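Peer 1: build me a model from this:
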Amino acid sequence: MARTGKDDRQEAVVVDQLLRKLRPFDRTYVAEREHASGVRPFSHVRSRPPLRPAGVWARVMLGVLLGVALTQWPYAHACEKPLILYMVAVTTVLVAGLWGARASWRSRMGFAHIIALGTILWGISLSAQEVLPRVGYAKTRMTWRCVEKHARADSIRPEAPTVAPSVLSQVR
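Peer 2: Numbers count the residues shown, from 1 in each chain. All right, here's what the predicted structure looks like:
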């Protein structure tokens, strides 16, 4: 048997009275009956409508294109400033992947979401390729700073020539 709207309103009034007894000075939990349709929600946050498919695909493809472009990075990124610039580019791929994943999730576009998750995974692998050897996890060791500067400074220093004794005997 269906209940009538009058019974619902009476029930809501009773609930409001009970809430007022629990918290007499707090008015946040008391529902205001402005609309005939029912109770006003506690939260005033409005959910956004899903994006258009073209907008979702634009965000997802942006991340994919950035990820593909990083494989063709034209500069050396072994250490210091070039490495920092490269890591900023990799972070941009990660952010673009997250942006596309969020948009595709909200719009309920499964295939676009899978591609965006692949972009995130690609960004993580690009960053791991640079970070893991520098933190000692990989087999080869790399440094964050360039050591060639120090090596060049050592090679400029004058050192005493070392000559083997057999060479000295031949010269005499």
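Peer 1: now do the same for R23: its pLDDT.
Peer 2: Note on R23: pLDDT of 72.
Peer 1: ok, L132 touching A138?
Peer 2: Yes. Judged on CB atoms under 8 Å, L132 makes contact with A138 at a distance of 4.6 Å. (Each C-beta comes from the backbone N, C-alpha and C, glycine too.)
Peer 1: now do the helices in this protein.
Peer 2: With helices called from DSSP state H, the chain shows them at 5-22, 53-70, 80-106, 110-131, 148-156, 165-171.
Peer 1: among those, which is nearest M142?
Peer 2: helix 110-131 (8.3 Å; CB to CB).
Peer 1: next, the angle from the closest one to helix 53-70.
Peer 2: 20 degrees (axes from the mean of the first three to the mean of the last three CA atoms, to 10 degrees).
Peer 1: mind picking out the helix or strand in this structure with the poorest mean pLDDT?
Peer 2: helix 148-156 (a mean of 49; mean pLDDT, DSSP states H and E).
Peer 1: shouldn't A96 be in contact with M61?
Peer 2: No. A96 is not in contact with M61 according to CB under 8 Å; the separation is 9.5 Å.
Peer 1: who's more crowded, the two?
Peer 2: A96 (23 against 16; other CB atoms under 10 Å).
Peer 1: hmm, H113 is touching A101, no?
Peer 2: Yes. Under the criterion of CB under 8 Å, H113 makes contact with A101 at 6.0 Å.
Peer 1: where in this protein is pLDDT low?
Peer 2: Within the chain, the segments meeting pLDDT under 70 span 1-5, 24-47, 148-172.
Peer 1: show me the domain layout of it.
Peer 2: Domain ranges of the chain: 1-46, 53-152, per automatic domain parsing.
Peer 1: name the stretch among these that sits most buried.
Peer 2: Among the domains of the chain, the stretch with the highest mean neighbour count (mean count of other CB atoms under 10 Å) is domain 53-152, at a mean of 15.
Peer 1: follow-up on the earlier one: possible to save the helices of the chain as CSV with distance to M142?
Peer 2: Listed next are the helices of the chain as CSV, based on distance: least, CB to CB, whole Å:
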stretch, distance to M142
helix 5-22, 63
helix 53-70, 18
helix 80-106, 9
helix 110-131, 8
helix 148-156, 13
helix 165-171, 39
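Peer 1: so what's V56 up against?
Peer 2: G100, A103, S104, S107, M109, A112 (CB atoms under 8 Å, 6 or more residues apart in numbering).
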